[in-house]
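Student: after the sequence you'll find the predicted model.
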Amino acid sequence: MDPVRSVKIKGNTVPMKRRILVVEDEEKLRRVLELQLASAGFEVEKARTAEEALKVADRADLVLTDLRLPQMDGLELLAAIRRQNSQTPVIVMTAFGTIETAVAAMKTGATDFLLKPFSLDHLMTVVGKALEMRALRDENLQLREELGRRYAFDNIVGRSAPMQEVFATIMRVAPTRATVLLAGESGVGKDLIARAIHFHSPRRERPLVKINCTAIPENLMESELFGYEKGAFTGAMNSKPGKFEQADTGTVFLDEIGDVPASIQVKLLRVLQEREFERLGSNVTRHIDVRVVAATNQDLRAALEQGTFREDLYYRLNVVPMNIPPLRERKEDIPFLAQHFVTKLGPDTGNRVRDVTDAGIVKLMSYHWPGNVRELENVIERSLVMCSGERLDAADIKLEMAPRSRAQADQADRFLPDGLTLDQYEQDLIREALRRADGNKSQAARLLGLTRNALRYRLTQMGLES
């Protein structure tokens, strides 16, 4: 373990020795420990009693304490340090070790337990392990703080009234465990909103597990969501927890919930209602504590009418509905989003672009943005790569606005092809999509902009569903 750590002081990174506090009433052993740790490059502080140690414990990176001390003992010192700082590793030493003593020390929060007499090599191994664990915890905390900043509202850009309403709803709903249903077109930022809800909630330190319901094949969905036991099916060589178990005490984000098959909808309803489920191949009921955030770009009410989505599940999901507006309905956000993406993506593209000209903003504002915020980010990134100046001008911004051909315009004027009814035209489109997808219904549904269940419903109406 490196005895030096980096500390930021007034914006500058400064190397500092790690400080170890040795609490030992026997002077000779205290001196031996001091010399050993100092020779390894650590800064060492010493204390004869627990009372002396508490005055300087908050400065230590690690505390090494004897269990038997005059007046306050080592376990009481450990408990007091835990009240001061829950992150400081504490190693307990004793010549009177029993299993009960070790268990008591670990329950109080000791990082490790050393039985006297111990070798100095063993001491250094234990100290190194404890400091590595602290470094990992500190790094994990830093990453969580960075994630929290990433999904802070100043990074989900939106100054328009609809987005301010979304932000206000996030702040009201995040502290609760209420189920949230996010609705909006692809690319509007439902994923960011779901993460913002999690990172502003009391569960922010717990897992956030995203489940993309369109990415999991129907025959694997139950085992992916709820796990399976060894031998549940061919190839199940070991038991495996599902994504709901992985998210226990945290948040589950169910993306594209409208694509969940009917058989899985029943099990999801039970999780939402009873907070319990069974793994595939098991009859043991497992209880979990998860907060559910779901998202869809489909009209679930239409799915209810078609019978492809359960009404009881819909109402369980729709406790707090949030509609994320498409970009074309909040164009006043485009200048701020464009500047945000220039600042965010500029360093990665290696250019000197600082902002967007007024002409560039006018061009961005005049576009209809079918791909929403995701498309705007892609356009800004592409434009940054191609731009040679310091500002993005209208000429630098390349939009995908392919003009319609004359034949397409004439066809649009006629509305429907000659001699076809609406039902016939829809059926021809479905057959063509199936042909292009080589019969793959999931791929055909994507080509048509439908959910898998909605396509299956239409095929049933046509008498083609097998």
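Tutor: Thanks, I have it.

Student: alpha carbons only: can I get stretch 327-344 in PDB?
Tutor: Output in PDB follows, covering the C-alpha atoms of stretch 327-344 (Å, rounded to 0.1, in the frame of the first residue of the first chain):
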ATOM      1  CA  LEU A 327     -38.000  19.000 -28.200                       C
ATOM      2  CA  ARG A 328     -40.200  20.500 -30.900                       C
ATOM      3  CA  GLU A 329     -42.600  21.600 -28.100                       C
ATOM      4  CA  ARG A 330     -40.000  23.400 -26.100                       C
ATOM      5  CA  LYS A 331     -37.800  25.000 -28.700                       C
ATOM      6  CA  GLU A 332     -36.800  27.800 -26.300                       C
ATOM      7  CA  ASP A 333     -34.500  25.100 -24.700                       C
ATOM      8  CA  ILE A 334     -32.500  24.600 -27.900                       C
ATOM      9  CA  PRO A 335     -30.000  27.500 -27.500                       C
ATOM     10  CA  PHE A 336     -29.100  26.300 -23.900                       C
ATOM     11  CA  LEU A 337     -28.900  22.700 -25.000                       C
ATOM     12  CA  ALA A 338     -26.700  23.500 -27.900                       C
ATOM     13  CA  GLN A 339     -24.300  25.500 -25.700                       C
ATOM     14  CA  HIS A 340     -24.400  22.600 -23.100                       C
ATOM     15  CA  PHE A 341     -23.400  20.100 -25.800                       C
ATOM     16  CA  VAL A 342     -20.700  22.400 -27.200                       C
ATOM     17  CA  THR A 343     -19.100  22.700 -23.700                       C
ATOM     18  CA  LYS A 344     -19.500  19.000 -23.000                       C
END
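
Student: please point out which parts of it sit buried.
Tutor: Neighbour counts over stretch 327-344 (16 or more other Cβ atoms under 10 Å) mark Leu327, Arg330, Asp333, Ile334, Pro335, Leu337, Ala338, Gln339, His340, Phe341, Val342 as buried. Where you see a C-beta, it was placed from the backbone N, CA and C, and this is true even at glycine.

Student: in a helix, the fourth one, correct?
Tutor: I take that to be Ile334. Yes. Counting by DSSP: H, G, I helix; E, B strand; the rest coil, Ile334 falls inside a helix.

Student: need phi/psi at Leu115.
Tutor: Per-residue torsions, Leu115: phi -100, psi 120 (degrees, to the nearest 10).

Student: ok, now which ones touch it?
Tutor: Leu115 makes contact with Met93, Thr94, Ala95, Gly97 under the criterion Cβ atoms under 8 Å, 6 or more residues apart in numbering.

Student: for Glu375, same thing?
Tutor: Neighbour list for Glu375: Gly187, Trp369 [criterion: Cβ under 8 Å, 6+ apart].

Student: circling back: could you dump the buried residues of stretch 327-344 to a markdown table with distance to Leu21 and pLDDT?
Tutor: As requested, those are arranged in a markdown table below (distance: Cβ to Cβ, whole Å; pLDDT from 0 to 100):
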| residue | distance to Leu21 | pLDDT |
| --- | --- | --- |
| Leu327 | 56 | 93 |
| Arg330 | 56 | 91 |
| Asp333 | 53 | 92 |
| Ile334 | 56 | 93 |
| Pro335 | 55 | 92 |
| Leu337 | 51 | 93 |
| Ala338 | 53 | 93 |
| Gln339 | 49 | 92 |
| His340 | 46 | 91 |
| Phe341 | 49 | 91 |
| Val342 | 49 | 91 |
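
Student: no further queries at this time; thank you.
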